[in-house]
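Trainee: Show me how the following folds:
(2 chains, ligands or ions: 2)
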Protein chains: 2
Amino acid sequence: MKIPVLEVFGPTVQGEGMVAGQKTMFVRTGGCDYSCAWCDSAFTWDGSQKADALTPETIVAKLQEIGGDRFNHVTISGGNPALHKGIGELVQLLKAQDIGTAVETQGSFWQEWLREIDDVTISPKPPSSKMVTDWEKLDYFCEQLQSRPSGSQSLKVVIFNEGDLAYAKKVHARYPNMTFYLQVGNDDLEEGTPTRLRDHLLERYEWLVDTVMEDKELNNVRVLPQIHTLIWGNKQGV
Amino acid sequence: MKIPVLEVFGPTVQGEGMVAGQKTMFVRTGGCDYSCAWCDSAFTWDGSQKADALTPETIVAKLQEIGGDRFNHVTISGGNPALHKGIGELVQLLKAQDIGTAVETQGSFWQEWLREIDDVTISPKPPSSKMVTDWEKLDYFCEQLQSRPSGSQSLKVVIFNEGDLAYAKKVHARYPNMTFYLQVGNDDLEEGTPTRLRDHLLERYEWLVDTVMEDKELNNVRVLPQIHTLIWGNKQGV
Ligand code: SF4
Ligand code: SF4
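Mentor: Ligands and ions are numbered 1, 2, ... in the order given. A predicted model of the protein is given here:
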């Protein structure tokens, strides 16, 4: 079954969440059921770039062509990769070669192949995204992941403002046993100078850290910047 | 049994390694069996600051006094915390209150209380430190940690130059099943301006990332900057 693919690139470092820093290849799929106000991969769903429909075998060949023998981890991102049933076959092919896998999705669609992914990041979207969370779907999603025999999962909420932080607290209180990440949102997707973006985002990160440190409802959390943005700014494909 | 303590502070974010971003309190113990050329906590062993000998109960009281109800995780760092047998009692007290624990040590001394620590980072020191690794001691240390019924452990090597990278590859090849972190070394402990240090360290980080991405012996690794240094520079106690 074919998968719409926007980019295959790497190896590079995973810039976010539970596998931050991991050397990984990226497969970015097209299409999203959301349209977040601040989406940093809007090109996956707004029609500005065209996806190629590729078979899982072709994707693996592309990974090998680009990454050679310099990787053993693949991150499948989007858009929302959980829209695509065909990824199941891709995951089997990667596992057969002992390649680790990670996926990030907002938790709005469940796929059985998610059971096979080593590290699943669920990133429910806070109010600043203008999206509305379907809590029952998210409950189901978290339950399915937590009942897996192996693999790890975590929640990650991107924070732009106080309203997002209130939402994050609600998420954390609802799923207290899930490892919980807060990430500072990139609110300047137009800034072309990486060093200027860096200073701004680290200021925002410091604000988020200070706020979380004062809040006793947010004790068991991990607060991270987007590492790749600190280095490469808003550049695509790194 | 009393423990020599240099600082108790927090809550703040863990800036390094396997629990990067975690909201945590810090207890920094005095004394080290090493004297790394680039040690960023030389004040724990070079006589420039005096440690207080504190009972585990006093340390817990201090943590509560400073952190209030705004924490449930404590990082014990140094110096080399594994020099102090008394930490066992401290760990028991913290566990009784359901407080998570993390420790970083170079792996030169074993303590039975290390079995009780949630996240142990072993940081063997590369050639640029001017220290020499005792591989048999490190073997024993890693074996003990990996045979624990619970808790996680990882290796972390700080990288300043190509020689350190060759050492890191040797460590990774010797313990292929241990989660492996590479961290860019802070080679400018005198720089007083955080933004200037930040730009320099991110340049060094980019170099490390580029080098690791090209190296097929370093596929299963995680490369991280020191997050706290990016924000607060060389300031102590944050
Ligand atoms: S869910 Fe993710 S990919 Fe989809 S619109 Fe939101 S930020 Fe963009
Ligand atoms: S082992 Fe750590 S604390 Fe001891 S001298 Fe080296 S860097 Fe400093």
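
Trainee: C-terminal to the lengthiest helix in chain A, what's the next element?
Mentor: For chain A, the longest helix by residue count, based on DSSP state H, is helix A:194-214. Note on helix A:194-214: by DSSP states H and E, the next helix or strand toward the C-terminus is strand A:222-224.

Trainee: returning to that earlier point: which helices and strands does the longest helix of chain A pack with?
Mentor: strand A:179-184, strand A:222-224, helix A:227-232, strand B:3-13, helix B:194-214, helix B:227-232 (3 or more CB pairs under 8 Å, 6 or more residues apart in numbering or on different chains; DSSP states H and E). C-beta here means a position set from N, CA and C on the backbone, and glycine is covered the same way.

Trainee: How about stretch A:49-56 and ligand 1, any contact?
Mentor: No: using CB under 6 Å from any ligand atom, stretch A:49-56 never reaches ligand 1; the gap is at least 13.0 Å.

Trainee: how long is that stretch from one end to the other?
Mentor: 21 Å (CA to CA, to the nearest Å).

Trainee: The longest helix of chain A to helix B:194-214, inter-axis angle?
Mentor: 100 degrees (axes from the mean of the first three to the mean of the last three CA atoms, to 10 degrees).

Trainee: A:Tyr34: which of the helices and strands packed on helix A:194-214 is closest?
Mentor: Closest to A:Tyr34 of these is strand A:179-184 (CB to CB; 16.7 Å).

Trainee: these two touch, right, A:Val27 and A:His73?
Mentor: No: shown here, A:Val27 and A:His73 do not form a contact pair, counting by CB atoms under 8 Å, at 11.6 Å.

Trainee: which of those two has more neighbours?
Mentor: A:Val27 (27 against 24; other CB atoms under 10 Å in any protein chain shown).

Trainee: The more buried one looks like it's in a strand, true?
Mentor: Yes: the assignment for A:Val27 is a strand, going by DSSP: H, G, I helix; E, B strand; the rest coil.

Trainee: How about the contacts made by it?
Mentor: Listed by CB atoms under 8 Å, 6 or more residues apart in numbering or on different chains, the contact set of A:Val27 reads A:5, A:7-8, A:59, A:63, A:74-77, A:90.

Trainee: In chain A, which residue is most central in space?
Mentor: Nearest residue to the geometric centre of chain A (CA atoms, centre = their mean): A:Glu104, 3.5 Å.

Trainee: How many neighbouring residues does the closest residue to that one other than its chain neighbours have?
Mentor: Nearest non-adjacent residue to A:Glu104, counting by CB to CB, 6 or more residues apart in numbering or on different chains: A:Thr121, 4.3 Å away. Neighbour count of A:Thr121, defined by other CB under 10 Å: 25.

Trainee: now A:Thr121: how far from B:Cys142?
Mentor: Separation of A:Thr121 from B:Cys142 (CB to CB, to the nearest Å) stands at 29 Å.

Trainee: same check, this time on A:Arg196
Mentor: As judged by CB to CB, A:Arg196 and B:Cys142 stand 43 Å apart.

Trainee: between these two, which one's more packed in?
Mentor: A direct count of neighbours by other CB under 10 Å for A:Arg196 and B:Cys142 places B:Cys142 higher, at 20 against 12.

Trainee: State the pLDDT value of the more buried one.
Mentor: Note on B:Cys142: pLDDT of 97.

Trainee: show me what contacts it?
Mentor: By CB under 8 Å, 6+ apart, the residues touching B:Cys142 are B:107, B:122, B:153, B:155, B:175, B:178.

Trainee: Next: A:Glu217.
Mentor: A:Glu217 makes contact with A:169, A:172-173 under the criterion CB under 8 Å, 6+ apart.

Trainee: can you check A:Gly78 too?
Mentor: Contacts of A:Gly78 by CB under 8 Å, 6+ apart are A:28-32, A:41, A:44, A:104-105.

Trainee: A:Ser154 now?
Mentor: Taking CB under 8 Å, 6+ apart as the test, what A:Ser154 contacts is A:17-18, A:119-122, A:178-181.

Trainee: rerun that using 7 Å as the cut-off
Mentor: A:17-18, A:121, A:178-181 (CB atoms under 7 Å, 6 or more residues apart in numbering or on different chains).

Trainee: can you check A:Thr179 too?
Mentor: Counting by CB under 7 Å, 6+ apart, A:Thr179 touches A:18, A:154.

Trainee: quick one: average pLDDT of stretch A:159-172?
Mentor: Stretch A:159-172 comes out at a mean pLDDT of 97.

Trainee: what ranges do the strands span in chain A?
Mentor: Using DSSP state E, the strands of chain A run over A:3-13, A:23-29, A:52-54, A:73-77, A:100-105, A:119-122, A:152-159, A:179-184, A:222-224.

Trainee: Alpha carbons of the fourth one, as PDB, please.
Mentor: The C-alpha coordinates for strand A:73-77 follow below in PDB (Å, rounded to 0.1, in the frame of the first residue of the first chain):
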ATOM      1  CA  HIS A  73      16.900   4.700  13.400                       C
ATOM      2  CA  VAL A  74      14.000   6.200  11.400                       C
ATOM      3  CA  THR A  75      11.500   8.800  12.500                       C
ATOM      4  CA  ILE A  76       8.200   8.900  10.700                       C
ATOM      5  CA  SER A  77       6.600  12.300  11.000                       C
END
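
Trainee: name the helices or strands packed onto that strand?
Mentor: Strand A:73-77 makes packing contacts with strand A:23-29, strand A:100-105 when contacts are defined by 3 or more CB pairs under 7 Å, 6 or more residues apart in numbering or on different chains; DSSP states H and E.

Trainee: Between these, which one is closest to ligand 2.
Mentor: Across the helices and strands packed on strand A:73-77, the minimum distance to ligand 2, taken as CB to the nearest ligand atom, is reached by strand A:23-29, at 25.1 Å.

Trainee: Can you list the strands that that closest one pairs with?
Mentor: Take DSSP bridges as the rule and strand A:23-29 pairs in its sheet with strand A:3-13 (antiparallel), strand A:73-77 (parallel).

Trainee: Out of these, the one nearest A:Gln146 is which?
Mentor: strand A:73-77 (20.3 Å).
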